[in-house]
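K.L.:
Sequence plus predicted model, see below.
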Amino acid sequence: MCSSDLLSLLVWRVTRRVERMRSQQRLMALSREKKQKDLQLKAIRLKAIPHFHSNVMASIEYFVMNNSSDEASHYLKLYSDFTNQTLSDIDRPARTVDEEVSYIAAYLELEGLRYGDRLQYNVDIESEVNPQTLLPTMLLHTYCQNAVKHGIGGRNEGGFVKVFISRQRRHGVDGTLVSVSDDGIGRQAAAQGNRDSTRQGLKILMEQTELYNEYNRNKMEHGVIDLTDEAGRPAGTRFETWVPDGFVFSNP
């Protein structure tokens, strides 16, 4: 075999190897994209909690029956906007801080129809936080839902949910820290209840994070802190997520 033939064979083999590698990369990208879509759909389905929606509608019906037209109109519009936002963002892996905060504010106000004064909450955003920073879609909702059900729902006297968004530097990288804390009964006591939907929501969030981290050198991080009082007794839980600057939620 002459040198030109050997060169042609070598070029052919290299070309085939490159093509196989590209095909494998495309298949891996498609597989990750499919998994991402599946997780997003599962997360949305978990938000369709029957008792939450039925309670909202029952409250609106109460306002109508008692001629409280202003309240009925307000909550009907709020519920409509909340539901439309849930459905319209089904394919979005991330939303801005502004969008997430607006969504969670609506959710907490609607939950207030069920818990009344038993549910108190506050949303605090540091001025240094860029409102256009991207966060995982449903991040705040998952954490707040967990806080309301596990922390507040288990107490007759109710409790307080605090959402706090700030800037934090980790590993030499600037990022945004999102935390949701409650002053409820704590994880151990909450685990004795039957609230699978919130546990599944947290599991989906972890799986999504693992997938998103594959696209990034600087990784998103989650943490769970068990809060205690001065006597060391359970006094709530804080969930937090740190998102490094420049984090992307899809294959670049």
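P.N.:
Structure received.
K.L.:
helix/strand/coil for L135?
P.N.:
strand (DSSP: H, G, I helix; E, B strand; the rest coil).
K.L.:
So for the nearest residue to N216 once chain neighbours are set aside, what pLDDT did the model give?
P.N.:
Closest residue in space to N216, ignoring its immediate chain neighbours: F247 at 5.5 Å, by Cβ to Cβ, 6 or more residues apart in numbering. From N, CA and C alone the C-beta is placed, and that goes for glycine too. pLDDT, F247: 96.
K.L.:
Let's verify F247: helix, strand, or coil?
P.N.:
Relying on three-state DSSP, one would call F247 coil.
K.L.:
which regions of the stretch 101-250 of the chain lie under the pLDDT threshold?
P.N.:
By pLDDT under 70, the low-scoring segments of the stretch 101-250 of the chain are 154, 191-199.
K.L.:
Please enumerate the helices of it.
P.N.:
139-146, 187-191, 196-213 (DSSP state H, counting those that start in this stretch).
K.L.:
roughly how far apart are the residue nearest to N216 and G112?
P.N.:
32 Å (Cβ to Cβ, to the nearest Å).
K.L.:
cool, and Q168?
P.N.:
30 Å.
K.L.:
and what of R155?
P.N.:
For R155, the distance to G112 - Cβ to Cβ - is 16 Å.
K.L.:
The two: which is more packed in?
P.N.:
Remark: of R155 and G112, G112 carries more neighbours, 17 against 14, as counted by other Cβ atoms under 10 Å.
K.L.:
I figured that one was touching Q120, is that so?
P.N.:
No: using Cβ atoms under 8 Å, G112 is not in contact with Q120; the gap is 9.1 Å.
K.L.:
Which residue, neighbours along the chain excluded, lies closest to D229?
P.N.:
Nearest to D229 is A235, by Cβ to Cβ, 6+ apart, at 4.3 Å.
K.L.:
wait, doesn't the one you found sit right on T228?
P.N.:
Yes: under the criterion of Cβ under 8 Å, A235 makes contact with T228 at 5.3 Å.
K.L.:
Name the residue in those two with the higher neighbour count.
P.N.:
Counted by other Cβ under 10 Å, A235 and T228 do not tie: A235 has more neighbours, with 18 against 12.
K.L.:
In contact with that one, which residues are there?
P.N.:
If you count contacts by Cβ atoms under 8 Å, 6 or more residues apart in numbering, A235 has them with 183, 186, 227-229.
K.L.:
would you list those residues in CSV and tack on distance to H74?
P.N.:
Output for the contacts of A235, formatted as CSV (distance: Cβ to Cβ, whole Å):
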residue, distance to H74
D183, 28
G186, 35
L227, 34
T228, 39
D229, 37
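K.L.:
Select only the buried ones of these in PyMOL?
P.N.:
A single PyMOL command selects the buried members of these (16 or more other Cβ atoms under 10 Å):
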select buried, resi 183+186+227
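K.L.:
my guess is F160 meets D183, correct?
P.N.:
Yes: if you go by Cβ under 8 Å, F160 and D183 touch, sitting 5.1 Å apart.
K.L.:
Could you check how far E61 is from D81?
P.N.:
According to Cβ to Cβ, E61 and D81 sit 19 Å apart.
K.L.:
Can you mark which positions in stretch 215-234 are buried?
P.N.:
Buried-residue list, stretch 215-234, by 16+ other Cβ under 10 Å: 218-221, 227, 234.
K.L.:
What is the nearest of these to D91?
P.N.:
Among the buried residues of stretch 215-234, M220 lies closest to D91 (Cβ to Cβ), at 19.9 Å.
K.L.:
Provide a list of residues in contact with that closest one.
P.N.:
136, 209, 212-213, 241-244, 247.
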